[in-house]
Every structure is written in structure tokens, then in C-alpha cells.
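# Provided below are the primary sequence and the corresponding predicted coordinates.
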Amino acid sequence: MFVCRWSPEAIASSRFVLYCRPGDKEWTKYEVDFDNGHETLANSIFGSDGKMYVGTSWKGRYVVIDTATTSGASVEKIGMVVPPDTCPLHHPYLTFWVESADGDIFLVRFYLHAHRALGVTNIDVHRMDTTASRGYVWRRVESIGGATFFLGANCVPAVPSSSAAAAGTTDDQQANCVFLLLWCCDGIRLYSVRLDDRTISFSLLLPTSCSNDPDPDPEDWADTWFNLYWIISLPQSFRQEQTKSLMSSTTTSKVNKNIVSMQDRYEMMSPASAWSGLPIELIELLIPKLSFVDYLHIRVVCKQWNLIEKPIQHARTHPMLMSIHGASRGTYYRLFDPLVKKQYVVKKDSILLHGNWPTLRFSKHGWLLVTKGKRRIYAANPFTGEVCKLPKMDRHLFHGISFSSVPKSPGSVVFAISKYPWQHSVGVMLWRAGDNHWVKEELPCDTPFFMTHSNPVFFDNEFYCLGVHGNLGVFNPNDITWRILDKPEPIRADAADYGDRFCNLVEFKGDLIAIFRPYDANPVELYKLDQSLMSWEKVPRLDDGVLFVDNWNATIKSFQEYDGCCNRIYLPFFGYDEVEGCKEGLFYDLEADGQYKPEFYGLTEPINSLWMEPNFSRHR
């Protein structure tokens, strides 16, 4: 056993660490010699393999106390390069250190959609490499070796796979899983992140309704969170019942150079020979009435039907939730179709999937904007295999990004924007088709504007950006100007400057629609911009429209083909329908009773996902 304490007292003068080993008669004090007056000791301290690590606030340096030496503990100051984050740096995050049973140290970073600990949207995990030639180095990893992490204000060491199994935490659903206790707007949440399939879910552990205060402040729950502790019980009697695997309904798929070929696991009810007798010309007449998934199913019924020449772009398409998964078992992406309640696994030899940690940023016209590493960015159509490699960016520092048209089109513009609430300027980056570099500008912005963490919308030849209060900022790519519109006036003047919900902007039938989605199960609010009066008008329904909203994007379709699907807002979550034995997408019902179906809590969200509409037409 080794005990270590640190003290930031007398910041202007001394900073020191106290440590004590078993058998020591008194504490040993180590004065930490910092290079400047801004550096101090942070609130993190970790142990592994006889060493204690004390974090500092300056450039990733740590105080390391080695207790394994025979002549007494040795103390040194080391520097570790802070691991790069996979989300734009404007997004806040929480960092946790975890020591594993075999002596490894992991750094786990949770990304939040907004400040005040609201909405976990992503995660990355790094393992400390102490054998690197240039010292201590963080290596990003996909797995935590089958262990289970229990994190929160008060964490516990990583539970290895054998011990976690004894505690009932590592069935086929929960091995390689990270649990997080976090205070949020609706109370204390228990997040569960599965690293194997890159999904996240949460349940409400202690709702704000339990408070005696009729109008509780979410920040008051931070005190409750600080007083929550994990207790790990290992007896067999605590084993949980095995839950039904969501992957049991997953359809395995493959993609060749020209066409996506997908096969369901179920067998056809009738022999293929009975179907092959139908004329191909008759089947082709049905193609415009089919969804693109049904089109793919038809192609694999029999050899005769595989000869169908009707192009796939004539099939009916609608947005599906796309998510990219890691490379340990071969990089692939998934498509979840909420209308037919099926998920497909797609593998394709594409630059989109190769390389390190692709992150989905934006989707439009069947094309994606994808970033990799610190600077690389691509536009790609995953269904045709087309890729447009954009020039490197300085860093992925933006609140939102979008394009005017397909990046391979002449005149296409890619636009990225960053706006700190406290700055009197806005940072923009612009790339035009054919350019060899990005144009960077810092434009004045004297009018207060608190931009949402969402992507701009290209509307009437300009990029419109939504503010958290409901006002609009507009960027003109032709004359490189930025302005805040006097109208519409803010409709949410009391909203927190850093945002208190997911906010999106979308164009539908020539109108701009603002979506304000809460972090909890409260109602979604829609507003349409009345362009004649330049004012927001509340929208109670979408008539024939169906809205698809994720954390960064929104897309809307006019659906008359699907009975009962109109006036729905589909969100990037799904549950499991025990009756039908399939996945069920979460939607907010505008038509009936303004409720979430199924229940809001306990659902699964794929990490690194966007709604996108398949496009099989190659750009000419």
C-alpha cells in the first residue's frame, strides 16, 4: 500500500506532494519546482506498478513518484503529450484515469454536447505506453481487454474480465463496457458505453422529481453526484440475468464495387425456382415502388432476378442512421432503417473506412464530410465509392461544417465556422472546388451571438447558422461577410448561453425550420421562419413531413408512401421490440400525443452516427 496526497496551497509560493509507504513513521514532503507561476497541481492522482502519478495543469506534465526503489521513493517530473481529441475542440469533455489489474493506465474521455455536463455524445480511450523511446506516450485503443470500467466523481480501479464476470457485469452485452455516473438536467444518469459495437445508452438513476424542491436547479445535483460511490460486489449471487443481444437481429452485408449486396438471415418462404419464372420486365416495373433495401433483397432472391437492369437509383430511398466502426475486426459501417426496423452491416474497400478513426461530421445529398486525425478531411459517397480529398485543415476547430452542393460539383463551397460566446469575432474556413488550400478569415461580430453546436444550412445562396436563443447568423461566401440578423428576434431569450438543448436548422419546401430538442424527455419544439415578417412561427405538425435529427444534423423528407410515418421526428436512438423481435427506432410523435415512442430512457445510440439518405447516382 502506498498513500499520496498533494496540495496546491499557497499557489504563489509553494506546491508540494506528500507521500507515505507502509512502515514509514512520517510523511515525506516533495516540493514541486514549476517553471512558471501559472502551473499548479491538478485534482488527479493515480497509481500503477508501484508508481503514483499526480497531474498538473501545464502542458500534460505529471509528477511521478516511484516507490519500487530500495533506497526510498524517487520523484521526477515528466511530460506526456495530451492525446488528440476526436471531436472538435469546442466541445467540452470529461477525463478519467483508470488503472487496470495488469498495471496498465487508461485515459477515458467523454465528449459532451454542451457545458454543464449535458449529453454524452462520444468517447475515446487511450492506454499509456511507458516503453516508447520518447518517454510516456498515449496510444488510442479500441478495447480495454474485456475489463469493465466504473467511472464517476468517485471511480474504482478497472474490474478485470474474470472478476467482472463473477459480479455479473460481463455477459456478451457488457464485456469491454464503461459505466459512467453523471449529473444531468434530469437528474443522475447511468451511462453504459459498449466499446465492442461502439454504442451508448443511459438510464435515469435518480430523477430530479425525487427532489423536495419544486423547481430544482440541475447544478444542485452536482453535489449529489460528488457523493456517489461505486461498490463492486463479486459474489456469484449478484450475477445479472443475461439480456437479449441486439446484435441477434443484425443483418450481415457486403459491398462490391458497383452495388451494395445485402442478405437477410431469414429464408424465403417459397422456393427460388417459383419466383424465377416471373418476367424480369414485370419486376422492373415495381422498382420505383420499392425501398432501396427491398431492391437489394429482390436481387438476391434468385439468379434470374439478379439480372435486373433497372438502376438502383430508381428505387425509393429515405434517410438511414449511419455509423462507422473500428478496424480491429475490419472497418465497416452500419445502416439502421427505422421505417423497416432493420440494421445492415456494410463492408467496402474505401478510403472512407481506411486509416485512423474516421469521424462523421455532415451529410447531404448522399455525401458525407469525414475527418481523420487532426487535419485530414474528405467528402465521400459511401454507396458509389466516390471520394473527394480536401486540403488539410489547420485543426478541426469548428462548431459546425457543411457544403453548398456535392464537393465535386463546380462552384461547390465547403464552409466551417467557430464562434466562442465571449469573443467579438467569428472564425470561418472556406474551401471552393478546385482550390488547393482553405481560406481562413476572422470576421468582426460585435452583436452577441451564441452559436449552437450544429451544422449550418445553405439557404438562398448563403449559410445560415442558428443561435441557442433562436436568432440567426448569416455568412455570405461570395463577399466573405458575416452578419447577425435583427430579425427574427430570439424566441428563447432565457436559454443558457452555452445551450440547454440540441438545436438544429433545416430547410423544408423553401422554408427554414428550427428544431429545439431537450436533453431529457420533454417535448420537442419546432419553429418555421415566416420570411415575409421575418419572425418565428411555432409549428405544431409537419403534415406530410418526416424529420430525422441527430446530434449535429437534421434532414426532412415528404413521405406519402409510408402510412403512419408522417408527423414524426426520428432521433438517433433505437430499442428492441420484444414482440416483433427487431430493433425499433425512437421517434417523437407530433400527430398523436406528442410522446416519445418507445420510452425515452434505456435506448441505444450508435456513437459517431449521422442520418444520411442513400444516393447511388455517380457524380459526372
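Right, received. Where do you want to start?

# okay, the nearest residue to Pro207 once chain neighbours are set aside: pLDDT?
Leaving out its chain neighbours, the residue that sits closest to Pro207 by Cβ to Cβ, 6 or more residues apart in numbering is Gly187, at 4.1 Å. C-beta coordinates here come from the backbone N, C-alpha and C atoms, glycine included. Looking at Gly187, its pLDDT is 85.

# Also Phe336?
91.

# any idea which element Ile513 lies in?
strand 511-518 (DSSP states H and E).

# got the buried residues for the very next helix or strand once past that strand?
Next helix or strand after strand 511-518 toward the C-terminus (DSSP H and E): strand 525-530. Neighbour-count burial for strand 525-530, counted by 16 or more other Cβ atoms under 10 Å, picks out 525-529.

# What separation is there between the nearest residue to Gln595 once chain neighbours are set aside and Ser203?
Closest residue to Gln595 apart from its sequence neighbours, by Cβ to Cβ, 6+ apart: Asp589 at 5.6 Å. Going from Asp589 to Ser203 by Cβ to Cβ, to the nearest Å gives 22 Å.

# Kindly report the same for Phe362.
31 Å.

# likewise Phe106?
Counting by Cβ to Cβ, the gap from Phe106 to Ser203 is 24 Å.

# Ok, Ala592 next?
Using Cβ to Cβ, we find Ala592 at a distance of 25 Å from Ser203.

# and Tyr378, what is it in contact with?
By Cβ atoms under 8 Å, 6 or more residues apart in numbering, Tyr378 lies in contact with 351-352, 369-372, 387-390.

# show me where the stretch 351-500 of the chain has strands.
Assigned by DSSP state E, counting those that start in this stretch, the strands in the stretch 351-500 of the chain fall at 359-364, 367-372, 376-381, 386-389, 400-403, 413-418, 425-432, 439-444, 457-459, 462-466, 472-476, 481-484.

# rewinding a little: turn the buried residues of strand 525-530 into TSV, including pLDDT.
Shown next, in TSV, are the buried residues of strand 525-530 (pLDDT from 0 to 100):
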residue	pLDDT
Glu525	94
Leu526	95
Tyr527	96
Lys528	96
Leu529	95
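
# and of those residues, the nearest to Ser192?
For those, the closest approach to Ser192 (Cβ to Cβ) belongs to Glu525, at 28.8 Å.

# how close does the closest one get to Leu610?
Relative to Leu610, and taking Cβ to Cβ, Glu525 is found at 22 Å.

# On the three-state scheme, Leu107 is what?
strand (DSSP: H, G, I helix; E, B strand; the rest coil).

# what's the answer for Ile298, then?
helix.

# returning to what we had before: out of Phe362 and Ser203, which sits in the busier spot?
Taking other Cβ atoms under 10 Å, Phe362 and Ser203 do not tie; Phe362 has more neighbours (22 against 11).

# so what's the closest residue to that one other than its chain neighbours bridging to?
Closest residue in space to Phe362, ignoring its immediate chain neighbours: Leu369 at 4.1 Å, by Cβ to Cβ, 6+ apart. With beta bridges defined as DSSP bridges, Leu369 has these partners: Phe362, Ala379.

# which stretches of the stretch 301-450 of the chain have low pLDDT?
For the stretch 301-450 of the chain, the stretches flagged by pLDDT under 70 are 301-316, 326-331, 348-356, 395-396.

# partner strands of the strand or helix carrying Glu507, parallel or antiparallel?
Using DSSP H and E, Glu507 falls within strand 501-508. Strand 501-508 has its sheet partners listed here by DSSP bridges as strand 511-518 (antiparallel).
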